[in-house]
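Enquirer: Fold the following and give me the result.
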Amino acid sequence: MSIISESENHYERILRERDELAALLAAEKATRNSIIEKGVKTEREMVEVREENDILRLDAQREAEQHDRMVGELEKVYKERDEAREQYENLKLQHGLWKDGNILCVLEGAK
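Expert: Below you'll find the model as predicted:
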C-alpha cells in the first residue's frame, strides 16, 4: 500500500467519522429541541390548568356564597313561619276564649 492510498483511506475515514458525528449532533439537537418543545408545552399546559383551577375555585366560592345567602334567607323564612304559627295559635286561643265567653266574663267583672 502506498502512502497516498493510506492517506486517502485515512481521509475517507475522517470524513465518514465527521459525517457520523454530524448526524449524531443533529439527532441530539433534535432530541433537545423536542424536549424543550415538550417542556414549553407542559409549562403552557400547567399555566392553563392553573388558570382553569383558579376559575373553578372562584366559581365554587361564588356558589358557596350564594348557598350561604340562600340559607340565610331560608332561616328568615323559617323564623317568619314560626312567628306566624305562634300568632295563629294565639289567635285561635283568643277566639276560643271569646267563643266560650271567658273573656266577656272577665271584661264584665272588671267594670
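Enquirer: Test for you: state the pLDDT assigned to Arg85.
Expert: The model reports Arg85 with a pLDDT of 94.
Enquirer: Where does it fall, secondary structure wise?
Expert: helix 3-100 (DSSP states H and E).
Enquirer: which other helices and strands contact that helix?
Expert: Where contact means 3 or more CB pairs under 8 Å, 6 or more residues apart in numbering; DSSP states H and E, helix 3-100 is packed against helix 102-110. Where you see a C-beta, it was placed from the backbone N, CA and C, and this is true even at glycine.
Enquirer: Now do the helix it packs on, average pLDDT.
Expert: Across helix 102-110, the per-residue pLDDT values average to 53.
Enquirer: Where does the prediction get shaky in the protein?
Expert: Applying pLDDT under 70 to the chain flags the ranges 1-8, 99-111.
Enquirer: Need the residue closest to the centroid of this structure.
Expert: In the chain, the centroid-proximal residue (CA atoms, centre = their mean) is Leu56; its distance is 2.7 Å.
Enquirer: Contacts for stretch 41-52 next, please.
Expert: Contacts to stretch 41-52, defined as CB atoms under 8 Å, 6 or more residues apart in numbering, come from no residue at all.
Enquirer: buried set for it?
Expert: Residues of stretch 41-52 classed as buried by neighbour count (16 or more other CB atoms under 10 Å): none.
Enquirer: Just the CA atoms of that stretch, as PDB, please.
Expert: Taking Å, rounded to 0.1, in the frame of the first residue of the first chain, the C-alpha atoms of stretch 41-52 are listed here in PDB:
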ATOM      1  CA  LYS A  41     -46.000  22.700  26.000                       C
ATOM      2  CA  THR A  42     -46.000  21.200  29.500                       C
ATOM      3  CA  GLU A  43     -45.400  24.600  31.000                       C
ATOM      4  CA  ARG A  44     -48.200  26.100  28.900                       C
ATOM      5  CA  GLU A  45     -50.500  23.200  29.900                       C
ATOM      6  CA  MET A  46     -49.600  23.800  33.600                       C
ATOM      7  CA  VAL A  47     -50.400  27.500  33.200                       C
ATOM      8  CA  GLU A  48     -53.700  26.600  31.600                       C
ATOM      9  CA  VAL A  49     -54.500  24.100  34.300                       C
ATOM     10  CA  ARG A  50     -53.700  26.700  37.000                       C
ATOM     11  CA  GLU A  51     -56.000  29.200  35.200                       C
ATOM     12  CA  GLU A  52     -58.800  26.600  35.000                       C
END
